[in-house]
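>>> Sharing a model that was predicted from the sequence below.
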2 protein chains.
Amino acid sequence: MTTARRQKLKRAGTTVDEMVRAVADRIVTGVLRPGEKLDENSLADRYEVSRTPVREALRQLSAMGLVERRPNRGAIVAVVTPAHLSSMFESMAELEGICARLSAERMTTAERRALEVGHQDSSRLVRTGAEAEYEAYNTAFHALLYRGAHSKHIEEMTLATRSRLAPFRRAQFRISGRLAKSWSEHDEIVAAVLRGDGAAAGAAAKAHVSIVSEASAVFVSDGGQAPVEPSRKRI
Amino acid sequence: MTTARRQKLKRAGTTVDEMVRAVADRIVTGVLRPGEKLDENSLADRYEVSRTPVREALRQLSAMGLVERRPNRGAIVAVVTPAHLSSMFESMAELEGICARLSAERMTTAERRALEVGHQDSSRLVRTGAEAEYEAYNTAFHALLYRGAHSKHIEEMTLATRSRLAPFRRAQFRISGRLAKSWSEHDEIVAAVLRGDGAAAGAAAKAHVSIVSEASAVFVSDGGQAPVEPSRKRI
DNA sequence: GATGATTTGTACGTATGTATA
DNA sequence: ATATACATACGTACAAATCAT
């Protein structure tokens, strides 16, 4: 029986907001796996709060798509069908493409410089094979592209979709050679953005995601992220 | 003083779900205007429920982007800056374009037929100037395009964005000549979809939204949707 | 299929934080 | 600026639904 150790929240803002952050983090990092039950009492217990904020947090997570709620039947970590997963990757490719295209057209000089500097620096991570660091950089790189589109709502949609995909793409850089391949794809995107070629940047970014999608599909079929369901005390 | 008449919910599922539906509907139809305060007690009073489900509904609406919540300071109908509004219209254009492109490539024969039949029938509404009916048809028409893309997540994002824009585009068909213009734009989209020309369908759909955007901008600057704020008893 | 246990849904009370005089 | 009024945040209690036996 897994012990459900208590863990006081930081209470940066409201209890609910902290709960949302905490649970969302555990979902996207894969600690909580798709299909896993999210019991209100256990969550309240774990974070030492009452059920009221837990319920509000679950509802918000549900609206975000990270959690599924069936009336009177509780909440589970969202479990997506292969069809829906592929639809999300498809959306991600489209969104990345849009962001890259708009970034190529709209980024300020400072933004372009930041993109290029980061990209050049990251080559060191590839040479040394620093997977974890490269993954962190990769997130920042893509965030720059979303931001550079200068369109708040597109940025929001893209980040939200990325969050929902996170549980399914975690192991992508473990796949041999993926680091170098990712970098060279980034290189193509950066070059297109720097020369203001929206169409090329969009196409490259879209292709970049498609490749990640295939890599993740392999991972999924490994069973590593297969929906789970029992193990009650795992919060 | 506007009377806050009580109104029992239908209780199809849970109270909260009905509340979300009811309040979202009042927001997108413009009964509740951007900036208007959503007082928990008044809402609870109006729908004859306790504050608990009201709070959960407000949080879900907030996650949907229809409502803004400031900690300890209550909720208001989401008020968007002109910049954010234009970003949402831009997103809408991109999403519509994607849906139309994918529909052109993926719709089944039955779906194509339904699209064309509805479109041809709608010409009658244009001739008779049936604005309300045409608006209803228009919603269905676009829903067909979203559905026809055969990509659940893209469909969800598009519908969600459309909801958030609804309060700002309501008067679009009141603008003289807009009905006929809308129909001819639809005609271009339908033709492209039927002949399987994804690029043309996407471009036409994207342009279609851009024009709506401009029409709505006029409407917004009319003050018709300017953020309100007092009138406490208006729930 | 009925019954008890468990879990979710709703109501309400109190404390805390925010706005107002 | 201080105090007062008021709205929100959270906890607790109870009701209703689901699940297991």
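Okay, I see it. Numbers count the residues shown, from 1 in each chain, chains lettered A, B, ... in the order given.
>>> Tell me, how many residues neighbour A:Thr109?
7 (other CB atoms under 10 Å in any protein chain shown). For glycine as for every other residue, the C-beta is placed from the backbone atoms N, C-alpha and C.
>>> Please report how far it lies from A:Arg51.
52 Å (CB to CB, to the nearest Å).
>>> how about low-confidence regions in chain A?
A:1-6, A:8-12, A:170-176, A:215-235 (pLDDT under 70).
>>> got the residues of it near DNA strand D?
By CB under 7 Å from any atom of the strand, the residues of chain A that approach DNA strand D are A:14-16, A:48-53, A:56, A:71-73.
>>> Keep only those of these that are in strands.
Judged by DSSP state E, strands contain none of those.
>>> Spatially nearest residue to A:Ser151 (excluding sequence neighbours)?
Leaving aside its chain neighbours, A:Ser151 sits nearest to B:Ser87 (4.4 Å; criterion: CB to CB, 6 or more residues apart in numbering or on different chains).
>>> Strands of chain A, start to end?
For chain A, applying DSSP E gives strands covering A:37-38, A:67-70, A:74-77.
>>> what's the closest of those strands to A:Val126?
strand A:74-77 (32.8 Å; CB to CB).
>>> And for that closest one, what's in contact with it?
Residues outside strand A:74-77 that contact it (CB atoms under 8 Å, 6 or more residues apart in numbering or on different chains) are A:27, A:32-40, A:58, A:61-62, A:66-69, A:229.
>>> A:Ala203 reaches A:Gly97, doesn't it?
Yes: taking contacts as CB atoms under 8 Å, A:Ala203 lies within contact range of A:Gly97: 6.9 Å.
>>> Tell me which of the two has more neighbours.
Taking other CB under 10 Å, A:Ala203 and A:Gly97 do not tie; A:Gly97 has more neighbours (24 against 17).
>>> residues touching the more buried one, list them.
By CB under 8 Å, 6+ apart, A:Gly97 lies in contact with A:202-203, A:205-206, A:209.
>>> Could you find the closest non-adjacent residue to A:Leu43?
Closest residue to A:Leu43 apart from its sequence neighbours, by CB to CB, 6+ apart: A:Val54 at 4.7 Å.
>>> thinking again about what came up before, mind listing what the residue nearest to A:Ser151 touches?
Applying CB under 8 Å, 6+ apart to B:Ser87 gives the contacts A:151-154.
>>> Could you report the neighbour count for A:Arg73?
Neighbour number of A:Arg73 under other CB under 10 Å is 9.
>>> Could I get the phi/psi values of it?
With angles defined as degrees, to the nearest 10, A:Arg73 sits at phi -130, psi 10.
>>> what's the distance between it and A:Val23?
A:Arg73 sits 18 Å away from A:Val23, taking CB to CB as the criterion.
>>> For chain A, just list every one of the helices.
Ranges of helices within chain A are A:15-28, A:40-47, A:51-64, A:82-106, A:109-128, A:131-148, A:152-169, A:178-194, A:198-221, based on DSSP state H.
>>> Would you mind listing what in chain A touches DNA strand C?
Contact residues, chain A versus DNA strand C (CB under 7 Å from any atom of the strand): A:39-41, A:51-52, A:55, A:69, A:71-75, A:232.
>>> again, 6 Å this time
A:39-41, A:52, A:55, A:71-72, A:74 (CB under 6 Å from any atom of the strand).
>>> By neighbour count, which of the residues you listed wins?
A:Arg55 (23 neighbours).
>>> check contacts around the nearest residue to A:Ser91 once chain neighbours are set aside.
Once flanking residues are discounted, A:Ser91 sits nearest to B:His153: 4.6 Å by CB to CB, 6+ apart. Residues counted as contacts of B:His153 (CB under 8 Å, 6+ apart) are A:84, A:87-88, A:90-91, A:161.
>>> Compare those residues and tell me which is most surrounded.
A:Ser91 (27 neighbours).
>>> what's near enough to touch it?
A:161, B:151, B:153-154, B:157.
>>> Need the max-distance pair from these.
Of all pairs in the contacts of A:Ser91, the most separated under CB to CB is A:Thr161 and B:Ser151 at 12.0 Å.
>>> I figured A:Met19 hits A:Pro53, correct?
Yes: judged on CB under 8 Å, A:Met19 makes contact with A:Pro53 at a distance of 5.8 Å.
>>> more neighbours, these two?
A:Met19 (24 against 20).
>>> If we ignore the residues flanking it in sequence, what's nearest the more buried one?
A:Ala57 (3.8 Å).
>>> So what's the residue count around that neighbour?
A:Ala57 has 29 nearby residues by other CB under 10 Å.
>>> What's the separation between it and A:Asp17?
Per CB to CB, A:Ala57 is found 8 Å from A:Asp17.
>>> same question, A:Val49
As judged by CB to CB, A:Val49 and A:Asp17 stand 12 Å apart.
>>> just A:Val117 next, same as before
Counting by CB to CB, the gap from A:Val117 to A:Asp17 is 34 Å.
>>> ok, those two, which is more surrounded?
Neighbours per residue (other CB under 10 Å) separate A:Val117 from A:Asp17, with A:Asp17 holding more: 18 against 10.
>>> still on that earlier bit, for the contacts of strand A:74-77, I'd like a selection string for ChimeraX - just the buried members, please.
Buried residues within the contacts of strand A:74-77, by 16 or more other CB atoms under 10 Å in any protein chain shown, are selected in ChimeraX with:
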select /A:27,32,33,34,35,36,37,38,39,40,58,61,62,66,67,68,69
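>>> Quick check: residues of chain A near chain B?
Within chain A, the residues that sit near chain B (CB under 8 Å from any CB of the partner chain) are A:13-14, A:16-17, A:52, A:55-56, A:59-60, A:62-64, A:71-72, A:83-84, A:87-88, A:90-91, A:94, A:98, A:151-154, A:157, A:161.
>>> Where does chain A get nearest to DNA strand C, residue-wise?
Among the residues of chain A, A:Gly74 lies closest to DNA strand C, at 3.0 Å counting by CB to the nearest atom of the strand.
>>> Look up which residues are beta-bridged to that residue.
A:Arg70 (DSSP bridges).
>>> Taking chain A, what residue is nearest to chain B?
Closest residue of chain A to chain B, CB to the nearest CB: A:Ala63 (3.4 Å).
>>> my guess is that residue contacts B:Gly65, does it?
No: look at A:Ala63 against B:Gly65 with CB under 8 Å: they stay out of range, at 9.3 Å.
>>> Who are the contact partners of the residue lying closest to A:Ala24 once chain neighbours are set aside?
Spatial nearest neighbour of A:Ala24, chain neighbours left out: A:Leu66 (5.8 Å); criterion: CB to CB, 6+ apart. Contact analysis of A:Leu66 by CB under 8 Å, 6+ apart lists A:23-24, A:27-28, A:77-78, A:163-164.
>>> Scan the residues you listed and report the most crowded one.
A:Val23 (26 neighbours).
>>> quick one: it from DNA strand D, how far?
Relative to DNA strand D, A:Val23 is positioned 14 Å away (CB to the nearest atom of the strand, to the nearest Å).
>>> Does that residue touch A:Leu43 like I think?
Yes: the pair A:Val23 / A:Leu43 is scored as a contact, 7.4 Å apart, by CB under 8 Å.
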